[in-house]
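Student: Dropping the sequence and predicted coords here.
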Amino acid sequence: MMTLKVNGHDHQIDAEPETPLLYVLRDDLKLNAAKFGCGLGQCGACTVIVDGKAVLSCVTPLVLLEGKQVTTLEGLGTVSEPAPIQRAFMEEQAAQCGYCIAGMMMRAQALLQRNPKASDEQIRGELAPHLCRCGTHMRILRAVRRAARLMDTAKLLPAEQRSAL
Amino acid sequence: MNAPVNPDRRQVLAGGGALIVSFSLTGAFAQDQAAPAAAPSPLPSPPGSLKTSPYLDSWIRIDADGAVTVFTGKDELGQGFKTAFQQIAAEELDVPFASLKVVTADTKLTANEGYTSGSHSMQDSGTAIQNAAAQTRALLVAEAAKRLDLPAEGLKTENGAVIAPDGRRLSYGELVVSDMLHVQAQAKSTLKDPATFKVMGQPVPRVDIPAKVTGGAAYVQDMRLPGMVHARIVRPPSYGAELMDCDTSAVEKMPGVVKVVRDGNFLAVVGNKEFGTVQAMMALSAAAKWKEHASLPKQDDLASVLTSLPAQTSTIFEHSDPAARGEKTIEATYTRPYQAHGSIGPSCAVAQLADGTMTVWTHTQGVYPDRQGIAEMLRMPPANVRCIHVEGSGCYGHNGADDAAADAALIARAMPGTPVRVQWMREQEHVWEPFGPAMMTKLKASLDGDGKIADWNFEVWSNTHSMRPGGAGCMLAAQHMAQPFAVPAARPLPLPEGGGDRNAIPIYTFPSAHVVHHFIPDMPLRISAMRSLGAYHNVFSIESFMDELAALAGADPVEFRLKHLDDPRGRDVIAKAAQGFGWRKDQKAPRDRGYGFAFARYKNLAAYCAIASEVEVNRETGRPRLVRAVAAVDSGQVVNPDGLVNQIEGAIVQSMSWTLYESVTFDDTRITSIDWQTYPILRFDAVPDRIDVHIIDRPGKPFLGSGETGQGPAAASIANAIANATGKRLRHLPLTRKRIKDAIDA
């Protein structure tokens, strides 16, 4: 039994220490966003944020996460109160099947948290571990750029107005 | 089906004037001389899928509280159909977009519309919904006219109600009577004037995207039914491998393991926890002893493989003008390797046997054919099998979806009452999905003294392009059972749409033309429908060769195409793409860059698409990069312009990945491209700077279907740009860095 902090809440997890985080998120915590794509760290569909960094949850064992903060796409916002990155992907209609999108959004979120002024080249470089099969890449790039602008705007506003964005 | 005829409804229909409805229960109307059903000649059939599912209530339900539900037998696969259908219904019914609910493919609830494939959904289902909605609105107006004792012509519809000139308002919920919509559609509908459209033609945001970007349950992978168990399959290591021995006792004792299922060469393990089941699968895989057979052809000589297999040869187009004289002749051979659908999420399905019914949640592209195949495999009546479409990970083609559905059903049968979720692993999807078939084309053409094409010869060698379930034998689980079902004989898909010969007949006008299809029944690798079927390679070949001929004629590629094309809508998209790109005669690309152009009308009967592209080639490494692409598309009446743009952008990017990087690899026994390292696809560093899509809207014209129209033109446009940049013509897909480098160095 170990304590895992996900989206701000502590969870008691009864799983083998070598269990990849992805299976804990999906099977134990019933979260949908992190996706099984390859189990090999090759496609990025399982990406979540751990202590501010984008991490491939399919190859990250539970034992390494003691005392760390895990954030999944569910932890950023909701349909009615979307985070800037979620709002940006909706506004750009940046999905086809959308299976790869949650992972892309989490890596983009981690990038923009540490560098809100990321250049197009930096965004492309950061998203290099991620695959999309429907060919939505152009919109994904646009959505990340839009998210950067939205996050910038959000910072300038008083906290209580942010949710109205 | 045979609902009693409501005499009131007959009056309604008569009163409606404009609306003439024929009933399935013709006995009741047989003597009604006023009814058109009595006319001596057969009635023209209604449009789209109303032909096969003519009842209005197969498409639209209105409840007494006014709630409207629209039913489609097609799937949402990420193309945005659910939203587009909702727009169509909202428009023709005059109800608010957000108030509608759309139910997609489900064998218990929706019409049988076959597969969601072939860019058919807008034509089939979109047309059916549009006409069913229009006829439903007419029925409601007629009912209101009767109740208000006013002429129907003076009534209007708005916001889910019929409004009289004096302001009286009857809501659809009030107007609908029990079986009012259980009538067959008539051949013609009074559709709205496109000039009045409020919802159709608008870039309405997709209804499926909010859940997908917030972690909502959006995929079959996200289903968690009460008491559900996890299953993993242990697939054979290669085609035809036999399971000689497997001691399952140790695996059965592993913690959390519920059951090991073995049926001949079908082997699976079921567990309570997902990761425990993966570990059990690995243990079971280690315990399984297989006998393999070396049955695969030589990967590096596909042209010889394809031409040496027995083929059924037929001339599919012949036109000869003895007056046309060719002076200069060239010929060329083009090949395409086996290519993978490569969905990012491996296939998944959930199945449950309860109360004698097998319910399967699946990302199949055809719930009815899937049900047929699963019922046959389980030896159950199809009525006792229900297939419900739930989205999976996309690719726009026949991936492992149907196989995973069969896997889940076979395991669920062994565990009555328990919902079973089967999730394929990455290497299983890469090895066992049915690939896009390898193809070869041989072209030969002559130019006359004026630099026009005098004669054209085109030959294509190909497997079929669909082994979708036509029965149990198309599904891996049924093939692997102890009492296996044989893979059905492959059949060529009939023209005019075709399979291997899709788009083999040129859309251009040539004095003499000869097109031959060599259909190869034997399938050394497992294959099935990949987005655009044979059109991808045939258009790549035709449009590459058109550039080779233009060069021979010393003509500009765009001008050369227009010189041979009569179709005005085709000419329009070519002109639009060229204009949007800034294409100029005698243009010269900067150093190490090239411009390319290509055009096709998908299947010669669906959407038109022209693409101009700019490619950069690194002469040191051979590395190509698509810098920008400009497309023009004519898909008939546009329902959701942003959805259409998304499809075309995606088609260009996906086709670019196929064209530059992708081929399935194999040795004499096994598929060796088993993951993203061994089957590389496009990554973000190679994504174009920009893609522009120009839509030519055709208000009031039929929907043409656009999901696949970009695949071939994108490939040829890129190939032509590479030839323009390097002076070298590459004819063998994929156009890899190595092949380009070798050509530059040659």
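Tutor: Done, it's in.

Student: what are the phi and psi values for the closest residue to B:L225 other than its chain neighbours?
Tutor: Spatial nearest neighbour of B:L225, excluding adjacent residues (Cβ to Cβ, 6 or more residues apart in numbering or on different chains): B:P419 at 3.9 Å. From N, CA and C alone the C-beta is placed, and that goes for glycine too. In terms of degrees, to the nearest 10, the main-chain angles of B:P419 are phi -70, psi 130.

Student: For chain A, just list every one of the strands.
Tutor: A:2-6, A:9-13, A:47-50, A:53-56, A:69-71 (DSSP state E).

Student: Show me the strands paired with the third one, marking each as parallel or antiparallel.
Tutor: With DSSP bridges as the test, strand A:47-50 is paired with strand A:53-56 (antiparallel), strand A:69-71 (antiparallel).

Student: Turn those strands into JSON lines, columns for mean pLDDT and distance to B:A555.
Tutor: Compiled in JSON lines, the strands paired with strand A:47-50 are given as follows (pLDDT from 0 to 100; distance: least, Cβ to Cβ, whole Å):
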{"stretch": "strand A:53-56", "mean pLDDT": "98", "distance to B:A555": "51"}
{"stretch": "strand A:69-71", "mean pLDDT": "98", "distance to B:A555": "59"}
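
Student: Mean neighbour count and distance to B:K188 added to these, as a markdown table?
Tutor: Formatted as a markdown table, these follow (neighbours: other Cβ atoms under 10 Å in any protein chain shown; distance: least, Cβ to Cβ, whole Å):
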| stretch | mean neighbour count | distance to B:K188 |
| --- | --- | --- |
| strand A:53-56 | 21 | 57 |
| strand A:69-71 | 20 | 57 |
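
Student: I'd like those strands laid out as CSV, including distance to B:V177.
Tutor: Shown next, in CSV, are the strands paired with strand A:47-50 (distance: least, Cβ to Cβ, whole Å):
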stretch, distance to B:V177
strand A:53-56, 58
strand A:69-71, 54
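
Student: Please report the distance of B:D586 from B:R571.
Tutor: For B:D586, the distance to B:R571 (Cβ to Cβ, to the nearest Å) stands at 21 Å.

Student: Could you check which of those two is surrounded by more residues?
Tutor: Per other Cβ atoms under 10 Å in any protein chain shown, whichever of B:D586 and B:R571 has more neighbours is B:R571, with 16 against 5.

Student: wouldn't the more buried one be in contact with B:K563 here?
Tutor: No. Counting by Cβ atoms under 8 Å, B:R571 stays clear of B:K563, with 10.6 Å between them.

Student: With respect to B:I88, which of the strands of chain A lies nearest?
Tutor: strand A:47-50 (36.6 Å; Cβ to Cβ).

Student: hang on, the earlier thing: isn't the residue nearest to B:L225 right next to B:V350, touching?
Tutor: Yes. Counting by Cβ under 8 Å, B:P419 touches B:V350, with 5.9 Å between them.

Student: Name the residue in the two with the higher neighbour count.
Tutor: B:V350 (26 against 21).

Student: Find the centremost residue of chain A, please.
Tutor: Centroid-nearest residue in chain A: A:M106, 1.9 Å away (criterion: Cα atoms, centre = their mean).

Student: With chain B instead?
Tutor: Nearest residue to the geometric centre of chain B (Cα atoms, centre = their mean): B:S117, 3.0 Å.

Student: name the helices or strands packed onto the helix or strand B:H514 falls within?
Tutor: Here B:H514 sits within strand B:512-519, counting by DSSP states H and E. Secondary-structure packing of strand B:512-519 (3 or more Cβ pairs under 8 Å, 6 or more residues apart in numbering or on different chains; DSSP states H and E): strand B:312-319, strand B:453-462.

Student: And the next helix or strand past it?
Tutor: helix B:535-553.

Student: quick one: that next one to strand B:453-462, angle?
Tutor: Our comparison of helix B:535-553 with strand B:453-462, counting by axes from the mean of the first three to the mean of the last three Cα atoms, to 10 degrees, yields an angle of 150 degrees.

Student: how far is helix B:535-553 from where the chain is centred?
Tutor: 25 Å (Cα atoms, centre = their mean, to the nearest Å).

Student: residues near B:Q587, how many?
Tutor: Neighbours around B:Q587, by other Cβ under 10 Å: 11.

Student: Would you check that my belief about it contacting B:Y595 is correct?
Tutor: Yes. At 6.4 Å, B:Q587 counts as touching B:Y595 under the criterion of Cβ under 8 Å.

Student: What is the lengthiest helix in chain A packed up against?
Tutor: The longest helix of chain A (DSSP state H) is helix A:137-156. Contacts defined by 3+ Cβ pairs under 8 Å, 6+ apart place helix A:137-156 against helix A:84-91, helix A:101-114, helix A:120-126, helix B:641-661.

Student: Can you mark which positions in that helix are buried?
Tutor: A:137-148, A:150-151, A:154 (16 or more other Cβ atoms under 10 Å in any protein chain shown).

Student: Need the per-residue pLDDT for the residue in the stretch 351-500 of chain B that chain A sits nearest to.
Tutor: The stretch 351-500 of chain B approaches chain A most closely through B:G394 (2.8 Å), counting by Cβ to the nearest Cβ. B:G394 is assigned 95 on the pLDDT scale.

Student: Also the one 10 residues further on?
Tutor: As predicted, B:A404 sits at a pLDDT of 98.

Student: Might one say that it is in contact with B:V420?
Tutor: No. If you go by Cβ under 8 Å, B:A404 and B:V420 don't touch, sitting 11.1 Å apart.

Student: And the two? Which one has more around it.
Tutor: For the pair B:A404 and B:V420, the greater number of neighbours falls to B:A404 (34 against 29), based on other Cβ under 10 Å.

Student: In chain A, where is pLDDT below threshold?
Tutor: Low-confidence segments of chain A, defined by pLDDT under 70: A:154-165.

Student: do that again at 50, thanks
Tutor: Chain A contains residues with pLDDT under 50 at A:158-165.

Student: Tell me the spacing between the residue lying farthest from the centre of chain B and B:K156.
Tutor: Centroid-distance maximum for chain B: B:D166 at 48.7 Å, with Cα atoms, centre = their mean. As for B:D166, its distance to B:K156 is 12 Å (criterion: Cβ to Cβ).

Student: I'd like the mean pLDDT over stretch B:650-662, please.
Tutor: 98.

Student: Restrict that stretch to CA atoms and write it as PDB.
Tutor: Listed next in PDB are the C-alpha coordinates belonging to stretch B:650-662 (Å, rounded to 0.1, in the frame of the first residue of the first chain):
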ATOM      1  CA  GLY B 650      -5.400  15.300 -42.000                       C
ATOM      2  CA  ALA B 651      -5.500  13.500 -45.300                       C
ATOM      3  CA  ILE B 652      -2.500  15.500 -46.500                       C
ATOM      4  CA  VAL B 653      -0.500  14.900 -43.300                       C
ATOM      5  CA  GLN B 654      -1.400  11.200 -43.100                       C
ATOM      6  CA  SER B 655      -0.600  10.600 -46.800                       C
ATOM      7  CA  MET B 656       2.700  12.400 -46.400                       C
ATOM      8  CA  SER B 657       3.600  10.000 -43.600                       C
ATOM      9  CA  TRP B 658       2.700   7.000 -45.700                       C
ATOM     10  CA  THR B 659       4.500   8.500 -48.800                       C
ATOM     11  CA  LEU B 660       7.800   9.500 -47.100                       C
ATOM     12  CA  TYR B 661       8.300   6.900 -44.400                       C
ATOM     13  CA  GLU B 662       6.100   3.800 -44.300                       C
END
